[in-house]
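Undergrad: Test case, fold it:
(chains A, B, C and D)
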There are 2 protein chains.
Amino acid sequence: MTNKVIKGNTRDRIIESAKKLFAEQGYQKTTVIDISKQAGLSEAALYEYFQGKEDLLLTIPDLWVSELIEDLKEQLFGIKGAFNKLRKYLWWYLRRIEEAPLDAKIVYLFLKTNANFMETEVYSNVKILYSSLIDIFEEGRASGEMKPDLNPYFARTIFIGTMEHIVTRWLVKDMSYSLFDNLEDTFDLMVDAFKKGNST
Amino acid sequence: MTNKVIKGNTRDRIIESAKKLFAEQGYQKTTVIDISKQAGLSEAALYEYFQGKEDLLLTIPDLWVSELIEDLKEQLFGIKGAFNKLRKYLWWYLRRIEEAPLDAKIVYLFLKTNANFMETEVYSNVKILYSSLIDIFEEGRASGEMKPDLNPYFARTIFIGTMEHIVTRWLVKDMSYSLFDNLEDTFDLMVDAFKKGNST
DNA sequence: GCGTTACCCTAATAACATTAGAAAAATATC
DNA sequence: GATATTTTTCTAATGTTATTAGGGTAACGC
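TA: You can find the predicted model right below:
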């Protein structure tokens, strides 16, 4: 029992160390020695917990992304109207990014460009996260809030593209300003594309 | 004189080899030996032309991106109307991506996430490439085609975000479909956000 | 006490990027 | 055309890093 607790702690310590170093120095420039030193271990011990450096990278954001899925349901629960849900989705997502910039940086800058990303648990979880947008757009179309001929998939492309662009820019610029700057205006502008009565 | 030609050829050969291998196997998994073998050289000779592996990565897309800037002016020349320019911009850009998928893959998947990207010539050239969108949106606002209170920077965020999302998805999915699938519809949907008469 | 297990270590090994120093090829100079 | 000089390339180190081998130690069950 003490066993498992200690093991759990060590594993977490490795993850926290790697997360910090990857986000600070980048994946390539971080060495396994760096990580194990930071975690208070020898290099070899690290291999008891992870298959290697890449496995570590692929595993780090697992927990964070799974939590996101759970939380999203909560957050959207009880919100009426497609536009209100859409707005909540964006604000909620950006706040989660703001709260966990290390995880975000790893996912956006290192993981998404990894050749094995698509076989990752994170990938399938992100897909789930994004699939709920389809429901929102369909609801909007059905309720008459949005265009009757709105294609939810095209709308999602625009929404996710814009959102990810905002996030990536913020991460690349080292989080030097607020993620929420101009968000209101950009959101209002974007959703005009989806609104009923706006010609296609 | 023959000197320079030969030297030029060798340098180009190295770039072509590196481009191919980076795009195929990724930056990390490509070794300097791979590159030099493919180019018909020893490893050491490669270092006469480039400072190292990273320098190579940062240099590869230089030429391609500079050409883009030149070409863009040509392409937009004589097109009347902001929406027509916007459409041309998107179609032109995607065709250039389609024609040079290796360069595109390197820029989108490996370069943009490199810590030194922002000190790159490619970065400043991409900024130029994207800055012309501001002019287009300003023209649209001035001419009355677009909303009188349209903020060109917010509009650009939406446009670039959507465009880059389309490109990135295509690259990550290994170019297994046409970049132009559904482009017309997605474009039409997006630009509704910018059109005059659509409420903000 | 003794075996088992979980955890961790030191010391290889192997792959790789990069550099040193010299050979070989090309070019210039006389 | 022979020799000096410069350019281009090579073989052979060197140093860094990821990964593995093999063993030690401590807790725990019996």
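Undergrad: Please tell me the pLDDT value assigned to the residue positioned nearest the centre of chain A.
TA: The residue lying closest to the centre of chain A (Cα atoms, centre = their mean) is A:A104, at 5.7 Å. Looking at A:A104, its pLDDT stands at 96.
Undergrad: Wasn't it part of a helix?
TA: Yes: under DSSP: H, G, I helix; E, B strand; the rest coil, A:A104 sits within a helix.
Undergrad: And it, how far from B:E99?
TA: Distance, A:A104 to B:E99, using Cβ to Cβ, to the nearest Å: 33 Å. Backbone N, C-alpha and C define where each C-beta goes, glycine included.
Undergrad: Tell me how many other residues crowd A:W91.
TA: 16 (other Cβ atoms under 10 Å in any protein chain shown).
Undergrad: With just CA atoms, put the lowest-mean-pLDDT helix or strand in chain A into PDB.
TA: In chain A, no helix or strand scores lower on mean pLDDT, DSSP states H and E than helix A:2-25, which sits at a mean of 80. This file holds the C-alpha atoms of helix A:2-25, laid out as PDB (Å, rounded to 0.1, in the frame of the first residue of the first chain):
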ATOM      1  CA  THR A   2       2.700   2.400   1.000                       C
ATOM      2  CA  ASN A   3       4.300   0.900  -2.100                       C
ATOM      3  CA  LYS A   4       1.600   2.100  -4.500                       C
ATOM      4  CA  VAL A   5       1.500   5.600  -2.900                       C
ATOM      5  CA  ILE A   6       5.200   6.000  -3.300                       C
ATOM      6  CA  LYS A   7       5.100   4.700  -6.800                       C
ATOM      7  CA  GLY A   8       2.200   7.000  -7.600                       C
ATOM      8  CA  ASN A   9       4.100   9.900  -6.200                       C
ATOM      9  CA  THR A  10       7.200   9.200  -8.100                       C
ATOM     10  CA  ARG A  11       5.400   8.800 -11.300                       C
ATOM     11  CA  ASP A  12       3.600  12.100 -10.800                       C
ATOM     12  CA  ARG A  13       6.900  13.700  -9.900                       C
ATOM     13  CA  ILE A  14       8.400  12.600 -13.200                       C
ATOM     14  CA  ILE A  15       5.400  13.900 -15.100                       C
ATOM     15  CA  GLU A  16       5.500  17.200 -13.400                       C
ATOM     16  CA  SER A  17       9.200  17.600 -14.000                       C
ATOM     17  CA  ALA A  18       9.000  16.600 -17.600                       C
ATOM     18  CA  LYS A  19       6.000  18.900 -18.200                       C
ATOM     19  CA  LYS A  20       7.800  21.800 -16.700                       C
ATOM     20  CA  LEU A  21      11.000  21.200 -18.700                       C
ATOM     21  CA  PHE A  22       9.300  20.400 -22.000                       C
ATOM     22  CA  ALA A  23       7.200  23.600 -21.800                       C
ATOM     23  CA  GLU A  24      10.200  25.700 -20.800                       C
ATOM     24  CA  GLN A  25      12.900  24.400 -23.100                       C
END
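Undergrad: Just list what it packs against, helices and strands only.
TA: helix A:32-39, helix A:53-59, helix A:101-105 (3 or more Cβ pairs under 8 Å, 6 or more residues apart in numbering or on different chains; DSSP states H and E).
Undergrad: repeat that with 7 Å
TA: When contacts are defined as 3 or more Cβ pairs under 7 Å, 6 or more residues apart in numbering or on different chains; DSSP states H and E, helix A:2-25 sits against helix A:32-39, helix A:101-105.
Undergrad: And chain B, is the longest one touching that?
TA: No: figure legend: helix A:32-39 not in contact with chain B (Cβ under 7 Å from any Cβ of the partner chain); closest approach 14.2 Å.
Undergrad: Now do stretch A:104-118: distance from first to last residue.
TA: One end of stretch A:104-118 sits 17 Å from the other (Cα to Cα, to the nearest Å).
Undergrad: just how off-centre is it within its chain?
TA: Distance of stretch A:104-118 from its chain centroid, counting by Cα atoms, centre = their mean, to the nearest Å, is 10 Å.
Undergrad: before we move on, what about stretch A:172-179?
TA: How far stretch A:172-179 lies from its chain's middle: 16 Å, per Cα atoms, centre = their mean.
Undergrad: pull the CA atoms of that stretch into CSV?
TA: C-alpha atoms of stretch A:172-179 as CSV (Å, rounded to 0.1, in the frame of the first residue of the first chain):
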residue,chain,number,x,y,z
VAL,A,172,4.0,31.1,-29.3
LYS,A,173,4.2,34.6,-28.0
ASP,A,174,4.9,33.1,-24.6
MET,A,175,1.6,34.0,-22.9
SER,A,176,2.7,37.7,-22.8
TYR,A,177,-0.8,39.0,-22.9
SER,A,178,-4.3,38.0,-21.9
LEU,A,179,-6.0,35.3,-23.9
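Undergrad: Which elements pack onto the helix or strand harbouring A:K88?
TA: Under the criterion of DSSP states H and E, A:K88 resides in helix A:82-99. With contacts defined as 3+ Cβ pairs under 7 Å, 6+ apart, the packing partners of helix A:82-99 are helix A:62-76, helix A:121-143, helix A:152-172, helix A:183-191.
Undergrad: picking up where we left off before, okay, the helices and strands packed on helix A:2-25, which one's buried deepest?
TA: Mean neighbour count (mean count of other Cβ atoms under 10 Å in any protein chain shown) peaks for helix A:101-105 among these, with a mean of 21.
Undergrad: my guess is the residue nearest to the centre of chain A contacts A:R96, does it?
TA: No: A:A104 is beyond contact range of A:R96, at 8.2 Å (criterion: Cβ atoms under 7 Å).
Undergrad: Which parts of chain A belong to which domain?
TA: Domain assignment of chain A by automatic domain parsing yields the ranges A:2-56, A:62-191.
Undergrad: By mean pLDDT, show me the worst of these.
TA: Minimum mean pLDDT among the domains of chain A: domain A:2-56, a mean of 87.
Undergrad: can you give me the offset of that one from its chain's centre?
TA: 21 Å.
Undergrad: and it, is it in reach of DNA strand D?
TA: Yes: between domain A:2-56 and DNA strand D, judged by Cβ under 7 Å from any atom of the strand, the touching residues are A:2-3, A:30-33, A:43-44, A:47, A:51-54.
Undergrad: Up against chain B, what does chain A have?
TA: Residues of chain A lying near chain B (Cβ under 7 Å from any Cβ): A:26, A:28, A:109-110, A:113, A:115, A:151, A:154-155, A:157-158, A:160-162, A:164-166, A:182, A:185-186, A:188-190, A:192-193, A:198-200.
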